[in-house]
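[1] Provide a 3D model corresponding to the input given below.
(chains A and B, ligands or ions: 2)
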Protein chains: 2
Amino acid sequence: MERIPVIEIFGPTIQGEGMVIGQKTMFVRTAGCDYRCRWCDSSFTWDGSAKDEIKQMTAEDIWQQLKQLGGDRFNHVTISGGNPALLKSLHALISLLKQHRMRIGLETQGSVWQDWFYDIDDFTISPKPPSSNMETNFAMLDTIMDRLASHRGQVSIKVVVFNDEDFAYAKHVHQRYPTVPFYVQVGNDDIHEGDDVTLRLKLLQKLEWLVEQVVQSNEMNDVRVLPQLHTLLWGNRRGV
Amino acid sequence: MERIPVIEIFGPTIQGEGMVIGQKTMFVRTAGCDYRCRWCDSSFTWDGSAKDEIKQMTAEDIWQQLKQLGGDRFNHVTISGGNPALLKSLHALISLLKQHRMRIGLETQGSVWQDWFYDIDDFTISPKPPSSNMETNFAMLDTIMDRLASHRGQVSIKVVVFNDEDFAYAKHVHQRYPTVPFYVQVGNDDIHEGDDVTLRLKLLQKLEWLVEQVVQSNEMNDVRVLPQLHTLLWGNRRGV
Ligand code: SF4
Ligand code: SF4
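    Numbering: from 1, shown residues only, chains lettered A, B, ... in the order given. Ligands and ions are numbered 1, 2, ... in the order given. Sure, this is the predicted structure:
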């Protein structure tokens, strides 16, 4: 049996960001990423700090654990990372979830293609802006967006924005794929801020800034601006 | 020319709630409501306190004012109230907005039908729970949901929840129309709270409570839980 490296499974909770913000869901977080974003809020998935928590699981193992945690209280599963698109082996989990009539959400930065992308219901591509220190491979991104153009599920693009340069990048991405539903989200780089009140107020201030950028721009009309709800609710805690 | 009673026009800003939360949009708020919800956050549309602000406008007047405020920085217009569904005359505004290729969002409690409902792109029906002290006319709601079943736009139901009884009502509504995308939203009854920090923290606490109700229930799996973003951002201020 093919194995999937899983670093945490939790829920039911709500999806805190993107196209299905607020959706009740379970989370399966896979280990490993091909990026090293400066402000990565899940660097424990790739920096070795949580390597003892990584379990090599079969699709069936994962389903069992989802059921144990969530019982009959979920119909939606979100696969996140790291970058889950690195894992060819996810196809087994995805077909098992489909058999159990789950809706599936997944987010990836768009650096790698997998054929199982076609089976994702709520698919978010989140290319990383300059502040991440990563370089977008636009040729690969074009290929992915091309293939997903006739996708039966919902596809969206989400760009996290920390500063003006990131906002310019977000504009560029939106113009490149103008027909794809587009989200901008405020970044959280206070990933070690332990005081929730301070963090919440800072995040809302940033959100206000980002709303203002979008309001002022005539190139960002068909755009949605969102916070990360889970960070507003639970700060930097894991597993909620 | 038919006139539309308008109490305020503002934007561009973002839609703070419901199915297109975060969407950049302009707002046209109409005057008048057939309900008197205990916790109404726009009672100035019907209680006479802002009656001097009501302007009887033609569709063209409204469009001119939208353009003056928003220039070329919007593609989406939200019509809110009060209850805009009371106004047959809105059909003229809706066709004018369509001519200008705007997407149109509208919310109503579902107490009245209008034929122009078919032309709304993002349509939210928001029946009022027991804490409002209003009584839902389910026969009318059935009629509306029935007619909208084959609607080409997006339709969703949103219920504001203040307490356990409201949550039970939300379940009932969701079960009655199980295939319609369903949102629950925390209520804000601190409508006179002037301190934004206090208000924000209270609202996030309520959101956490509502998430927990949804998490615990096996009847609320296909549900999305959302805050009012504009209240988190701007408190009880008007015109943002
Ligand atoms: S792509 Fe995502 S998981 Fe990978 S380093 Fe960047 S933020 Fe972290
Ligand atoms: S239906 Fe809406 S506008 Fe009318 S009283 Fe209730 S909350 Fe206020």
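[2] what number of residues lie near A:Phe123?
    Around A:Phe123 sit 23 other residues, with neighbours defined as other CB atoms under 10 Å in any protein chain shown. (Glycine included, C-beta is placed from N, CA and C.)
[3] check which helices and strands whatever helix or strand it lives in sits against.
    Following DSSP states H and E, the helix or strand that holds A:Phe123 is strand A:122-125. Under the contact definition 3 or more CB pairs under 8 Å, 6 or more residues apart in numbering or on different chains; DSSP states H and E, strand A:122-125 sits against strand A:103-108, helix A:138-148, strand A:154-161.
[4] nearest to A:Arg238, out of those?
    Closest to A:Arg238 of the helices and strands packed on strand A:122-125, according to CB to CB: strand A:103-108, at 16.8 Å.
[5] extract the CA atoms of the longest helix that chain A contains and return them as CSV.
    Assignment by DSSP state H gives helix A:196-216 as the longest helix of chain A. This file holds the C-alpha atoms of helix A:196-216, laid out as CSV (Å, rounded to 0.1, in the frame of the first residue of the first chain):
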residue,chain,number,x,y,z
ASP,A,196,-4.4,36.8,21.0
VAL,A,197,-5.8,40.3,21.6
THR,A,198,-2.7,42.0,20.2
LEU,A,199,-2.7,39.6,17.2
ARG,A,200,-6.4,40.0,16.5
LEU,A,201,-6.2,43.8,16.5
LYS,A,202,-3.1,43.8,14.3
LEU,A,203,-4.7,41.4,11.8
LEU,A,204,-7.8,43.6,11.6
GLN,A,205,-5.6,46.6,11.0
LYS,A,206,-3.9,44.8,8.1
LEU,A,207,-7.2,43.8,6.7
GLU,A,208,-8.4,47.4,6.8
TRP,A,209,-5.2,48.3,4.8
LEU,A,210,-5.8,45.6,2.2
VAL,A,211,-9.4,46.6,1.8
GLU,A,212,-8.3,50.1,1.1
GLN,A,213,-5.8,49.0,-1.6
VAL,A,214,-8.5,47.0,-3.3
VAL,A,215,-11.0,49.9,-3.0
GLN,A,216,-8.6,52.3,-4.6
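[6] what's it packed up against?
    The helices and strands touching helix A:196-216, judged by 3+ CB pairs under 8 Å, 6+ apart, are helix A:164-176, strand A:182-186, strand A:223-226, helix A:229-234, strand B:4-14, helix B:196-216, helix B:229-234.
[7] what sits up against that helix?
    Among residues not part of helix A:196-216, those counted as contacts by CB atoms under 8 Å, 6 or more residues apart in numbering or on different chains are A:161, A:164, A:167, A:184, A:186-188, A:190, A:193, A:220, A:223, A:225, A:227-228, A:231-232, A:234-236, B:11-14, B:24, B:73, B:197, B:200-201, B:204, B:229, B:232-233.
[8] which bits of chain A sit near chain B?
    Remark: the part of chain A in contact with chain B comprises A:11-14, A:20-24, A:71-76, A:183, A:197, A:200-201, A:204, A:207-208, A:211, A:214-218, A:220-227, A:229, A:232-233, using CB under 8 Å from any CB of the partner chain.
[9] return the members of those classed as buried.
    The neighbour-count test (16 or more other CB atoms under 10 Å in any protein chain shown) applied to the residues of chain A next to chain B identifies A:11-14, A:20-24, A:73-76, A:183, A:200, A:204, A:207, A:211, A:214-215, A:217, A:220-227, A:229, A:232-233 as buried.
[10] just how off-centre is stretch A:98-110 within its chain?
    If you compare the mean C-alpha spot of stretch A:98-110 with that of the full chain, they lie 11 Å apart, counting by CA atoms, centre = their mean, to the nearest Å.
[11] quick one: end-to-end distance for it.
    Between the opening and closing residues of stretch A:98-110 lies a distance of 23 Å (CA to CA, to the nearest Å).
[12] pLDDT score for A:Lys206?
    Among the per-residue scores, A:Lys206 shows a pLDDT of 94.
[13] oh, I was asking about A:Asp196
    In this prediction, A:Asp196 carries a pLDDT score of 76.
[14] measure it to ligand 1 for me?
    Plainly put, A:Asp196 is 22 Å away from ligand 1 if you go by CB to the nearest ligand atom, to the nearest Å.
[15] which stretches of chain A have low pLDDT?
    Across chain A, residues meeting the criterion (pLDDT under 70) sit at A:191, A:194, A:240.
[16] what does it have sitting close to ligand 1?
    Residues of chain A lying close to ligand 1 by CB under 6 Å from any ligand atom are A:Cys33, A:Tyr35, A:Arg36, A:Cys37, A:Cys40, A:Ser42, A:Thr45, A:Gly81, A:Gly82, A:Asn83, A:Gln109, A:Lys128.
[17] spatially central residue in chain A, please.
    If you average the C-alpha coordinates of chain A and look for the closest C-alpha using CA atoms, centre = their mean, you land on A:Glu107, 3.7 Å from that point.
[18] which residue is the nearest non-sequential neighbour of that one?
    A:Thr124 (4.2 Å; CB to CB, 6 or more residues apart in numbering or on different chains).
[19] quickly list what the one you found is bridged to.
    A:Glu107, A:Ser156 (DSSP bridges).
[20] list the contacts of it.
    With contact set as CB under 8 Å, 6+ apart, A:Thr124 has these partners: A:Gly18, A:Met19, A:Gly105, A:Leu106, A:Glu107, A:Thr108, A:Val155, A:Ser156, A:Ile157, A:Lys158, A:Tyr183.
[21] got those as CSV, with distance to A:Leu141 columns?
    Shown next, in CSV, are the contacts of A:Thr124 (distance: CB to CB, whole Å):
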residue, distance to A:Leu141
A:Gly18, 17
A:Met19, 17
A:Gly105, 20
A:Leu106, 16
A:Glu107, 14
A:Thr108, 11
A:Val155, 12
A:Ser156, 14
A:Ile157, 9
A:Lys158, 13
A:Tyr183, 16
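[22] list buried residues within those residues.
    Judged by 16+ other CB under 10 Å, buried ones among the contacts of A:Thr124: A:Gly18, A:Met19, A:Gly105, A:Leu106, A:Glu107, A:Thr108, A:Val155, A:Ser156, A:Ile157, A:Lys158, A:Tyr183.
[23] ok, the residue nearest to the centre of chain A touching A:Gly18?
    Yes. Here A:Glu107 lies in contact with A:Gly18, judged by CB atoms under 8 Å, at a distance of 6.8 Å.
[24] list the residues that contact both of the two?
    Any residue near both A:Glu107 and A:Gly18 by CB under 8 Å, 6+ apart counts here, and that gives A:Thr124, A:Ser126, A:Lys158.
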